[in-house]
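Requesting a structural model of the entry that follows:
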Amino acid sequence: MEDTFSNLATYGYIGLFLYSLGGGFVALVGAGVLSYMGKMDIEASIAVAFVANALGDVMLFYMARYQKSMMMEGIRKHRRKLALSHIMMKKYGSWIILIQKYVYGIKTLIPIAIGLTKYDFKKFSILNVGSSAIWALSVGFGSYYSGAPLMKVAELIGEKPWIAPVVLVVFGGSLWLYMEKATKKKK
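Below is the predicted model of the structure:
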């Protein structure tokens, strides 16, 4: 077990950076708990997640804006979800840039949807950096200060390993059902 923590302390920041390019919620929560345990540094973890998250969304926006044909090939199957993202943009305005940081399932689609519109790149970048900072600080410090309860949950899952797949299936199924309902063609 100590060897695992040693590897996480050594390679954890690299993994956190790579995972945060496309989201990073789970990795930042893990880094917060490891920081609570003294295996990682919470300030460094938050900084790494912040930079990667902001960079990842700017790259998605840029690719959607300037490599439209390549992006459209990749998201062809997700056209209805992309349309839902456009509807959410109209409904929530610029707040969607912050909201999408916390909502699994639309995290990568919102920057792409915004990039496909005429939204100003500079405005998006500024709002994205601010939103990434709020996200990294709230999730990072939230998981750090919730380290003890989160460790108890991890111990419970260690004792009863069947809980994790059940939770994942329920969460994944709920998300799938929501996306199916939200993107269903209206007659």
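
Can you tell me which residue sits nearest the middle of the protein?
For the chain, the residue sitting closest to the mean C-alpha position, by Cα atoms, centre = their mean, is G23 at 2.5 Å.

Please, which helix or strand holds it?
Using DSSP states H and E, G23 sits within no helix or strand.

tell me the contacts of the closest residue to it other than its chain neighbours?
Distance criterion Cβ to Cβ, 6 or more residues apart in numbering; nearest residue to G23, sequence neighbours excluded, is K107 at 4.9 Å. Where you see a C-beta, it was placed from the backbone N, CA and C, and this is true even at glycine. By Cβ atoms under 8 Å, 6 or more residues apart in numbering, the contact list for K107 reads G22, G23, Q100, K101.

so what's the backbone phi/psi at K107?
With angles defined as degrees, to the nearest 10, K107 sits at phi -50, psi -40.

before we move on, what about G22?
Dihedral angles (degrees, to the nearest 10) for G22: phi -110, psi 10.

Can you get me a residue count around the nearest residue to it once chain neighbours are set aside?
Nearest non-adjacent residue to G22, counting by Cβ to Cβ, 6+ apart: G56, 5.7 Å away. Neighbour count for G56, taken as other Cβ atoms under 10 Å: 23.

what about the helix or strand hosting I96, distance to the chain center?
In this structure, I96 sits in helix 96-99 according to DSSP H and E. From the chain centre to the centre of helix 96-99 is a distance of 12 Å (Cα atoms, centre = their mean, to the nearest Å).

Repeat that for stretch 157-176.
19 Å.

ok, now stretch 149-166?
Using Cα atoms, centre = their mean, the offset of stretch 149-166 from its chain centre is 22 Å.

Now it: buried residues?
For stretch 149-166, the neighbour count (16 or more other Cβ atoms under 10 Å) marks L150 as buried.

can you pull out the helices in the chain?
Using DSSP state H, the helices found in the chain span residues 2-20, 25-36, 42-66, 68-74, 79-92, 96-99, 109-115, 121-145, 147-159, 163-182.

Most tightly packed of those helices?
helix 109-115 (a mean of 25; mean count of other Cβ atoms under 10 Å).

Remind me what that helix packs against, helices and strands.
helix 42-66, helix 79-92, helix 96-99, helix 121-145 (3 or more Cβ pairs under 8 Å, 6 or more residues apart in numbering; DSSP states H and E).

for the second one, packing partners?
With contacts defined as 3+ Cβ pairs under 8 Å, 6+ apart, the secondary structure elements packing on helix 79-92 are helix 96-99, helix 109-115, helix 163-182.

what does the third one give?
Counting contacts by 3+ Cβ pairs under 8 Å, 6+ apart, helix 96-99 packs against helix 79-92, helix 109-115, helix 121-145.

Kindly reformat those helices as a markdown table containing mean pLDDT.
Compiled in a markdown table, these are given as follows (pLDDT from 0 to 100):
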| stretch | mean pLDDT |
| --- | --- |
| helix 79-92 | 79 |
| helix 109-115 | 86 |
| helix 121-145 | 94 |
